[in-house]
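Asker: fold the stuff below for me.
(chains A and B)
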Number of protein chains: 2
Amino acid sequence: MREIGINFGNKTALVQLWAPQAKKVELLVTDAGHRLALKKGHLGHWSLQTDEIKPGDKYQFVLDDDKKLPDPASLAQPDGVHGPSQAVDLNALTWTDKQWTNPPLADYIFYELHTGTFTPEGTFDAIIPKLDHLVALGITAIEIMPVAQFAGGRNWGYDGVFPFAVQNTYGGADGLNRLVNACHEKGLAVVLDVVYNHIGPEGNYFANFAPYFTSKYQTPWGDAINFDDAGCDGVREYFIENALMWFRDFHIDALRMDAVHAIKDLSAKHILQEITERVDILQQQTGRNYYLIVECDLNDTRYINPLKHGGYGINAQWTDEFHHALRVSAGQQQNGYYSDFNGLADLAKAYMDGYVYTGQYSAHREKKFGSQIVNNPGQQFVVFSQNHDQVGNRMLGERSNQLYSLQMQKLLAAAVMVSPYLPMLFMGEEMGETNPFLYFTSHQDPELAEAVRKGRKAEFKAFHAEGEAPDPQSVNTFQNSKIQWQLLQNPERQTMFEYYKALIALRKQLPALKTLNRKNVKVEVDTNKQTLTLY
Amino acid sequence: MREIGINFGNKTALVQLWAPQAKKVELLVTDAGHRLALKKGHLGHWSLQTDEIKPGDKYQFVLDDDKKLPDPASLAQPDGVHGPSQAVDLNALTWTDKQWTNPPLADYIFYELHTGTFTPEGTFDAIIPKLDHLVALGITAIEIMPVAQFAGGRNWGYDGVFPFAVQNTYGGADGLNRLVNACHEKGLAVVLDVVYNHIGPEGNYFANFAPYFTSKYQTPWGDAINFDDAGCDGVREYFIENALMWFRDFHIDALRMDAVHAIKDLSAKHILQEITERVDILQQQTGRNYYLIVECDLNDTRYINPLKHGGYGINAQWTDEFHHALRVSAGQQQNGYYSDFNGLADLAKAYMDGYVYTGQYSAHREKKFGSQIVNNPGQQFVVFSQNHDQVGNRMLGERSNQLYSLQMQKLLAAAVMVSPYLPMLFMGEEMGETNPFLYFTSHQDPELAEAVRKGRKAEFKAFHAEGEAPDPQSVNTFQNSKIQWQLLQNPERQTMFEYYKALIALRKQLPALKTLNRKNVKVEVDTNKQTLTLY
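Answerer: Got it, this is the predicted structure:
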């Protein structure tokens, strides 16, 4: 059971809140109008055992008779980020996946999807009927972009402000429960994208409660989350509890932790190491396997090295550089971060060495970058020819279908699938989706909305793209990013689907592709013929 | 030879400056009035080969016809931090220590001294006649507080702004050359304290030249030195060159790097790891041994673990916690950072485990702190009952003699000397110096001087000390901090000296004390009797 927020035991609720600066903390049960005092414990951890709140009740915390605020560990925000929290009994989730066994990570073939745009309805329940399509394709794991409650109904998920609350417009905790059951019944693992490097801008009430942030480190989102400054223990426990909850209470099979290079922690034990250790203990308790995957832009194997070799013990990391080298090989203009990549020679390096930058000078970063991978096997690296970021961070959000010929799309797919790494598809690529995947938001705060519009424009300086960036706040931008399932009726799309299906089947059957041994891969480059031979 | 600043080869000088933003760079040879244009090379590294500057000539760099500035890699600042730099031929230093062999680090018995206050004259040359005293005492290494050029003539050294220039008032490069020769002739190793975590406040012209700082990280001194942000390669090379210079050109035996916890670097290769690697190469080239020691307030063995085990390869670190536990055992009030220490039980832990905080909650830091030392031998830890910080950071700068009885002073000395770690004395403790060691500065900038006065007062809030802090800017504060050599005439002082001498001799002779095996130490604590037994 969580050791944070409101949780239900034998008929009574245990209410817990970390608020070290508060002199008084009450629980306000909204409909009943009850105000119940919490008792202050060690280091500002307040608590209360009560039977006056039931699952489904809405509530707020009242600090010092003054501020009425939602619960930082809220499990549901039925009225959005500014409204009251809602009590949820995690024990009441219904699990039908007793037979499920998480496959070895080496067998993962990822399919990244965004709940809001994967289906017309944009809900977890709407995903379920599409799972047969994914099973037919040969996918073994869906990777769901972040589902933590964000402002409004349209967001990639990285603006989440309630890391424990499943987005209400997606279907909340119950909806996610049903989706995971359905995936496990169909033999699909579920990977969840979680954000531990920042809290979103709207509905972020954290600073009222405790020192969740520190000005010691600056990130693209402002003050960093406090993982090593005074008071950090409560913050560390908060995120550890979050990781544990997804595995234990939602039967998630793997977490993909967003941009961990923006997690600043000089503690003797890095927070990622501590998460690994705590998840290891949970594995022993439940007898299930869980995987930790990071997005990490440091080219530093410390993150994925075993604990006993001084690493943080993370199972795998995303490898954007494979993507960049592949894209430039396919004709992508060398602008922005692509300016660091030279095409086939770099792609060959990515096939053999994993990282392209292993210590040499990067003109884009204006410094030497990265380190050599020594002992890490192929299954520690996730590769792709598209993902939400690489598509959506283009000004016009073009998927491969809008950029490349059919032949080139097939070549890109094959390049990923024959790699000695873990392959990932981005939703729709298996049918050559023609819609873009744009950057969209639904901030309620007008100043923030305007800042996001401006920020979006500033971001495209490096790309020198023409025309205006679509307005992230517009409903159309969101609607235009949806998967068009009717495309599958089109014979050309169907051919693409069959091609992906055949590729994935081949990968699963051929021992040379199945065994992810990076050191067995030999690559030859012929730059005149623009060919690259793997054997 | 240095690859930075002005260096002399076969009759001509090679002039190098990193100034990526400059459109024009000239060398102004001050007395001759010559202005010589440098040529821009790769990544903003400007250079010039010329015979128009000679050793001893004063010079400045002129950026964009506008700013006349001293050289960031200046080897001498004869007129202080704001004046021109002076060319020095490092090859012209005279070395008489060919016979010298750096002893094993396990044999080091450190004596920390501050050049300005160790003698009435406050110079390197004045230290030389005192070396016989140290040899008689049994010391094997002197550790010199930082000598990089700072503003004025009175400073601990941590406000240095020219890391390559030896303080003019101490005797400059030639003076240091003579001192190192004299030490090596007498069998003493020389440890130099260097500051790579910040640049001092006055005479800090770095930002005019290149991105030496980054706002990504905040330190007690403001923006951190840029070890991992855009442009960091030039900054990293700057400090690597500095470390190499002291070993290669000044025959220093070990560097003590100040407060490396304030060095913020998330590169795949940490700057300390890179320094270790580069010093290793230098060792192979010169056939000499050099040691790297850090002050590090993280209780994290990553810094001192071998490179091959994911560490940074540093030879040893200071262990302040041994000091704190020892002091509280001796009766020190548990205020400020001492509030974390409980006396004998913590001292026993320090004897056995090295770190006192190995992951438990620290009330002073308001977080869990530290990690367990597993495989690191005793010779990786430097311990002391006094040092410049622990004495000088008291409001009144009292040395042990002003705080403890003679018996207790002897007990403190013995506690250090029987430890399985590397012992360090602070100048004067061997004769029970009665003068304080106060915090002193000689900033020329009145605003800065006032800010330092205020900062000093604010620092003592936690100590609740009574009365006024002595004015750091006053000459008296500096003069009152000087060692009183006439004390040695006093029979009581002479007894103390003989006691230290006997203790050190015992440590060198007894195998149980000589072999620094932390795991062979057993400690028993009897809190009733307030005794601690080591065996």
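
Asker: I'd assumed A:E112 was in contact with A:F426.
Answerer: Yes - the criterion here is Cβ atoms under 8 Å, and A:F426 meets it with A:E112 at 5.1 Å. All C-beta spots, glycine's among them, are computed from the backbone N, C-alpha and C.

Asker: now do the shared contacts for those two.
Answerer: Residues within reach of A:F426 and of A:E112 at once, by Cβ atoms under 8 Å, 6 or more residues apart in numbering or on different chains, are A:F384, A:N387, A:H388.

Asker: the second one - nearest residue in space that isn't next to it in sequence?
Answerer: Leaving out its chain neighbours, the residue that sits closest to A:N387 by Cβ to Cβ, 6 or more residues apart in numbering or on different chains is A:F426, at 5.1 Å.

Asker: just list the residues touching the one you found, thanks.
Answerer: A:Y111, A:E112, A:F384, A:Q386, A:N387, A:H388, A:V391, A:R399, A:F437 are the contacts of A:F426 under Cβ under 8 Å, 6+ apart.

Asker: cool, and A:Y357?
Answerer: Contacts of A:Y357 by Cβ under 8 Å, 6+ apart are A:N299, A:E321, A:D340, A:F369, A:G370.

Asker: quick one, what contacts the third one?
Answerer: Pointing back at A:D340 there. Taking Cβ under 8 Å, 6+ apart as the test, what A:D340 contacts is A:H324, A:V356, A:Y357, A:S362, A:A363, A:H364, A:R365.

Asker: now do it, the pLDDT please.
Answerer: Note on A:D340: pLDDT of 97.

Asker: please apply the same query to the first one.
Answerer: Looking at A:N299, its pLDDT stands at 98.

Asker: burial of it, as a residue count?
Answerer: By other Cβ atoms under 10 Å in any protein chain shown, the residues close to A:N299 number 25.

Asker: check chain A for the residue nearest chain B and tell me.
Answerer: Nearest to chain B, among the residues of chain A, is A:G310, at 2.5 Å (Cβ to the nearest Cβ).

Asker: please name the nearest non-neighbouring residue to that residue.
Answerer: Per Cβ to Cβ, 6+ apart, closest to A:G310 is B:G310, 2.5 Å.

Asker: give me every residue that touches the one you found.
Answerer: A:R302, A:N305, A:H309, A:G310, A:G311, B:R302.

Asker: still on that earlier bit, now, the contacts of A:Y357 that are in strands?
Answerer: Assignment to strands by DSSP state E places none of the contacts of A:Y357 there.

Asker: quick one: which of those is nearest to B:F150?
Answerer: Distance to B:F150 across those (Cβ to Cβ) is lowest for A:F369, with 34.6 Å.

Asker: how much space separates that closest one from A:L298?
Answerer: 9 Å (Cβ to Cβ, to the nearest Å).

Asker: got it, and A:T219?
Answerer: 14 Å.

Asker: which positions in chain A make contact with chain B?
Answerer: Neighbours of chain B within chain A, by Cβ under 8 Å from any Cβ of the partner chain: A:215-218, A:228-233, A:261, A:264, A:266-269, A:298-302, A:305, A:309-311, A:359, A:361, A:365-371.

Asker: weed out the non-buried ones from the residues you listed.
Answerer: Buried members of the residues of chain A next to chain B, scored by 16 or more other Cβ atoms under 10 Å in any protein chain shown, are A:216-218, A:228-229, A:231-233, A:261, A:264, A:266-269, A:298-302, A:305, A:310-311, A:365-371.

Asker: so how many other residues sit close to A:A37?
Answerer: 12.

Asker: what sits against the nearest residue to it once chain neighbours are set aside?
Answerer: The shortest distance from A:A37 to any non-neighbouring residue, by Cβ to Cβ, 6+ apart, is to A:E26 (5.3 Å). By Cβ under 8 Å, 6+ apart, the contact set of A:E26 is A:R35, A:L36, A:A37, A:L38, A:F61, A:V62, A:D65.

Asker: can you pick the most crowded of these?
Answerer: A:F61 (26 neighbours).

Asker: before we move on, the earlier item: which neighbours do A:F369 and A:L298 share?
Answerer: Joint contacts of A:F369 and A:L298 (Cβ under 8 Å, 6+ apart) are B:S267, B:A268.

Asker: sorry, back to before: arrange the contacts of A:F426 in CSV, one row each, with pLDDT and neighbour count as further columns.
Answerer: As requested, those are exported to CSV (pLDDT from 0 to 100; neighbours: other Cβ atoms under 10 Å in any protein chain shown):
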residue, pLDDT, neighbour count
A:Y111, 98, 25
A:E112, 98, 24
A:F384, 98, 26
A:Q386, 96, 28
A:N387, 96, 25
A:H388, 97, 23
A:V391, 94, 25
A:R399, 95, 24
A:F437, 97, 28
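
Asker: and the residues you listed, which of them are in strands?
Answerer: Filtering the contacts of A:F426 for strands - DSSP E - leaves A:Y111, A:E112, A:F384.

Asker: and the first one, what does it touch?
Answerer: Translated: A:Y111. Counting by Cβ under 8 Å, 6+ apart, the residues that A:Y111 touches are A:L134, A:L137, A:I139, A:A141, A:I142, A:E143, A:M424, A:L425, A:F426, A:M427.

Asker: could you redo the last one with a cut-off of 10 Å?
Answerer: A:Y111 sits next to A:118, A:133-134, A:137-144, A:188, A:191, A:423-430 when contact means Cβ atoms under 10 Å, 6 or more residues apart in numbering or on different chains.

Asker: cool, the second one as well?
Answerer: Under the criterion of Cβ under 10 Å, 6+ apart, the neighbours of A:E112 are A:118, A:141-145, A:191, A:193, A:256, A:382, A:384, A:386-389, A:424-427, A:429.

Asker: worst-scoring helix or strand of chain A, pLDDT-wise?
Answerer: helix A:511-514 (a mean of 72; mean pLDDT, DSSP states H and E).

Asker: mind checking how far whichever helix or strand comes after that one is from the chain centre?
Answerer: Using DSSP states H and E, the next helix or strand after helix A:511-514 towards the C-terminus is strand A:523-526. Remark: strand A:523-526 is offset 34 Å from the chain centroid, using Cα atoms, centre = their mean, to the nearest Å.

Asker: and strand A:523-526, which residues are buried?
Answerer: So, applying 16+ other Cβ under 10 Å, buried residues of strand A:523-526: A:V523, A:V525.

Asker: now that strand - C-alpha only, CSV.
Answerer: Coordinates of each C-alpha in strand A:523-526 appear next as CSV, following Å, rounded to 0.1, in the frame of the first residue of the first chain:
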residue,chain,number,x,y,z
VAL,A,523,28.8,-3.2,-40.4
GLU,A,524,30.3,-2.1,-43.6
VAL,A,525,29.7,1.3,-45.1
ASP,A,526,30.1,2.2,-48.8
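
Asker: fine by me, we can end here.
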